[in-house]
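# Sequence first, then the predicted structure:
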Amino acid sequence: MIKELLNNKEFKDIILSVIFGLLSALLSLVQFEIPGFSGAISSLNEIPLLISVFYIVNPFYLIITVVISSLTTPEQGSVYSTILMHAGGLAFFGIYYHLLLKHFPEKVLKSIAYCAVGIVVYYYIFLMPIFVVSNKFLGLTDLSFTNSYASLSQALYFELTTSVLVVTLFLVQLNYSRRLKKYSVSLEELVNERTEELRLTVEELHNANEELSSMNNGLDLMVKNRTAELEERNYQLTEYAFINSHLLRAPLARILGLTDIIRRESTDPITVDLMNKLFTSCGELDEIIRLMSTQLSDGSILSWEQKEELKNKINEIIAQKGKL
């Protein structure tokens, strides 16, 4: 509840109006009597009123500040005259300052110079003429407007000088404070932006790392599957090589032995010729099986080049056997 009130602009303006009004009333205790005017006293109460314009934009809240400030008006003075001259002067100075802030937001020296001019105008064009006219209307002075204005100008010289110095110095501090706050907000936004970029970068790296880890896991699985497949293939080739080298060549060797015995013992020329051809064919088959067993015993899969090489060797064996 309290936090919501502090963030409410209207509530802030009311609090500031009361604070500046009380400050003005407090500084009105520093008094300088003005000769020729009954109840006319010069004080430093204009300083908080002028500074309040820097913080309060709405004229309604400035009127609250003026009313609170006028509560310390001396008994011989006029509360209505005090309210009227300050309300008119602050209305001008408020409009003037915010136009100045709009046209020279970053030019400190120019804004200070124009602010000093505005304070002079506030005193000489609004404050003093309204004060003289209202006091003349209320019968608080017998002097003419010219004499009253000249006397008041001399009496308020010290107050004017003090107000110009204090208000312009306060404006310098306020400008640098606002600029520092602006830079602080910009720096905070930049830090937040860089932090967000860093967070996104870290998130992207994390996603990329997860993707890479997933790819590595998939690759490991592929390698394992491929390795298992190759091991199975090598096992099958080894078994086939064993069959070729032992189970298949054993009966073939017996056929070669029997054929050789028959051709050596036979006296029939036709039988001998047939046995010779059968022995040659069995020898070719044995040589082919031996080459295949040797190739398969390596545990490798035959490539196209290896197949061609084996084919050429088989053809060479057949050609050599044909010459015998």
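Perfect, I can see it now.

# Count the residues that sit near residue 290.
A count of neighbours around residue 290, defined by other CB atoms under 10 Å, yields 15. Heads up, the C-betas are built off the backbone N, CA and C, glycines and all.

# and what of residue 136?
Neighbours of residue 136 (other CB under 10 Å): 16.

# Give me the distance between it and residue 147.
Taking CB to CB, to the nearest Å as the measure, residue 136 falls 11 Å from residue 147.

# again with residue 158
According to CB to CB, residue 158 stands 20 Å off from residue 147.

# And residue 198, by the same measure?
According to CB to CB, residue 198 and residue 147 sit 74 Å apart.

# ok, those two, which is more surrounded?
Set residue 198 next to residue 147 and count neighbours by other CB under 10 Å: residue 147 wins out with 13 against 10.

# My read is that residue 98 contacts residue 59, right?
No. With contact defined as CB atoms under 8 Å, residue 98 does not count as touching residue 59 (11.1 Å).

# Would you map the strands across the stretch 1-150 of the chain?
Using DSSP state E, counting those that start in this stretch, the strands of the stretch 1-150 of the chain run over residues 31-33, 41-43.

# Give me the below-cutoff pLDDT ranges for the stretch 1-150 of the chain.
In the predicted model, the stretch 1-150 of the chain carries pLDDT under 70 at residues 1-7, 31-42, 76-77, 104-108.

# Mind jotting down where the helices sit in it?
2-7, 9-27, 46-55, 59-69, 79-103, 108-121, 128-138, 145-155 (DSSP state H, counting those that start in this stretch).

# elements contacting the longest one?
Pointing back at helix 79-103 there. Under the contact definition 3 or more CB pairs under 8 Å, 6 or more residues apart in numbering; DSSP states H and E, helix 79-103 sits against helix 46-55, helix 59-69, helix 108-121, helix 128-138.

# got it, and the last one?
Applying 3+ CB pairs under 8 Å, 6+ apart, one finds that helix 145-155 makes contact with helix 128-138.

# most centrally placed residue in the chain?
The centroid of the chain falls nearest to residue 193 when counting by CA atoms, centre = their mean (2.3 Å).
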